[in-house]
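Chemist: just to be clear, the model below is a prediction. Sequence and coordinates:
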Amino acid sequence: MKLGELMATKEKEYSKFQWFFLIIFIPTIFAVLLLGVILSFLGFNVIDEAKELGSNVPVLSSYLSDEEDDEEEKVDVDGLITSLENKQAELERLERQLDQKDEEIASLQDEIVELELAFAQEQQQTADHHQEMADLASTYESMSAKNAARILSELSNEEVLFQISELNTETRAKILSNMGAERAAEIMRLLAN
């Protein structure tokens with residue numbers, strides 16, 4: 001009998017749960033759904049009304065507000081996509097500017113190299129010219145003052161001034177003393193300036 005009593009109590013426990021589920025819960029859900037369908041056919045917006053009522057219930061309001069937040073996030077996503085596209089266009093414009101500036105820098109660096117080469121060539125020419133003048137001066141110093149004066153008197157005043165400026169003072173004085181007084185005076189005046 002103990003076994004029979006045990007089975008009867010288990011049936012009673014299951015039967016109370018089953019009774020609640022079958023008699024109260026399922027018919028209530030069915031009635032609510034049937035009422036919703038009937039109201040929808042009559043033209044009432046049941047879903048929006050349910051959301052509005054649900055937003056007043058503390059536990060359900062957090063779930064319903066999340067859906068509204070999702071809609072706001074969708075709107076924000078569209079704005080962010082537009083903003084991202086604008087930023088991308090700005091980035092591309094800045095990259096083109098950067099490329100132009102890089103090209104400008106490269107051309108300026110090429111120009112600097114060319115100018116440095118031209119400057120080096122000019123310095124070399126100046127050094128060569130000074131060397132030629134020093135060689136010419138040593139040539140005049142090695143010849144007699146009379147012969148040097150005769151050669152220089154055939155040149156223009158600028159050429160004489162240019163060539164005589166490299167000579168030392170003693171040789172220059174000897175050559176000028178062998179030139180005519182008038183021509184020597186002109187060259188001295190040009191040397192003084």
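Modeler: Thanks, I have the structure now.

Chemist: can you show me the strands along the chain?
Modeler: Applying DSSP state E to the chain gives no strands.

Chemist: give the rounded mean pLDDT of the longest helix seen in the chain.
Modeler: Counting residues, the longest helix found in the chain (DSSP state H) is helix 58-142. The average pLDDT within helix 58-142 is 84.

Chemist: so how far is it from its chain's centroid?
Modeler: 6 Å (CA atoms, centre = their mean, to the nearest Å).

Chemist: also stretch 173-190?
Modeler: The answer for stretch 173-190 is 68 Å, by CA atoms, centre = their mean.

Chemist: on that earlier part again, check which helices and strands the longest helix of the chain sits against.
Modeler: Judged by 3 or more CB pairs under 8 Å, 6 or more residues apart in numbering; DSSP states H and E, helix 58-142 is in contact with helix 46-56, helix 157-164, helix 169-177. C-beta coordinates here come from the backbone N, C-alpha and C atoms, glycine included.

Chemist: recalculate using a threshold of 10 Å.
Modeler: helix 46-56, helix 145-152, helix 157-164, helix 169-177 (3 or more CB pairs under 10 Å, 6 or more residues apart in numbering; DSSP states H and E).

Chemist: what residues of the second one count as buried?
Modeler: So that's helix 145-152. Residues of helix 145-152 classed as buried: 145, 148, 149, 152 (neighbour count, 16 or more other CB atoms under 10 Å).
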